[in-house]
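In: What follows is a predicted structure for the sequence shown.
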Amino acid sequence: TQLLEQSPQFLSIQEGENLTVYCNSSSVFSSLQWYRQEPGEGPVLLVTVVTGGEVKKLKRLTFQFGDARKDSSLHITAAQPGDTGLYLCAGAGLAAAGTASKLTFGTGTRLQVTL
Amino acid sequence: KAGVTQTPRYLIKTRGQQVTLSCSPISGHRSVSWYQQTPGQGLQFLFEYFSETQRNKGNFPGRFSGRQFSNSRSEMNVSTLELGDSALYLCASSYGGGGTEAFFGQGTRLTVV
């Protein structure tokens, strides 16, 4: 069973601060996705990283995939109240021949950014 | 293009009843996956349907079942509801299925009383 642990579980910061969220596993993933979910809504895809060591930037958000494709991080620079939400990482497993892969979601990091 | 549509948005059911939830994927997407989200367990994979066939299944009891129609729309059924089935049920649509990028609906909030 593939497990994805996210840390921290909760984060409450003030506007303008920087933060990093971690997503760790002992399993190798073919790709890893990051989602943000707001209350009462479904998760929204932010980014997909595929190659070990890959770094992607989305405005103030920087995503990195570990060299061994077992972990990932999300760094937010100068957080804003609009960044508030539940951040989820999701790994696509390495499927055996003849089987289909599936997404395994992390435990989630709840971020609150206050003025 | 239109996103993923789930109906209904909210449901209240009594223990022992059954419920059917519906999901219309993004046009052209052949894969529909279902997830259960609770505060304690997070997002848990229920099953995936691709071109009307169940391609993958999570660790849920047989009370949870689903199907997919030829137009890719999917339904999920839960029989003999238990209090612990109260959760947000999310449907995700993707073109290739498996671990490819998923687009989620707003979910159906099920409360079992």
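Out: In hand now; what should we look at?
In: Residue numbers of chain A in contact with chain B?
Out: Proximity of chain A to chain B (CB under 8 Å from any CB of the partner chain) is limited to residues A:29-31, A:33, A:35, A:40-45, A:48, A:88, A:90-93, A:95, A:99-108. Backbone N, C-alpha and C define where each C-beta goes, glycine included.
In: would residue B:44 count as being in a strand?
Out: Yes. If the criterion is DSSP: H, G, I helix; E, B strand; the rest coil, then residue B:44 is within a strand.
In: OK, contacts around residue A:103?
Out: Applying CB atoms under 8 Å, 6 or more residues apart in numbering or on different chains to residue A:103 gives the contacts A:33, A:90-92, B:33, B:45, B:92, B:99, B:102.
In: same question, residue A:89
Out: A:4, A:6, A:23, A:32-35, A:72, A:74, A:105-106.
In: of those, closest to residue A:17?
Out: residue A:74 (14.5 Å; CB to CB).
In: helix or strand for the closest one, which one?
Out: Using DSSP states H and E, residue A:74 sits within strand A:71-76.
In: Neighbouring strands of whatever helix or strand comes next after that strand in the sheet, and parallel or not?
Out: Sequence order places strand A:85-93 as the next helix or strand after strand A:71-76, per DSSP H and E. If you go by DSSP bridges, strand A:85-93 pairs up with strand A:29-37 (antiparallel), strand A:103-105 (antiparallel), strand A:109-114 (antiparallel).
In: Nearest to residue B:70 among these would be which one?
Out: strand A:103-105 (24.8 Å).
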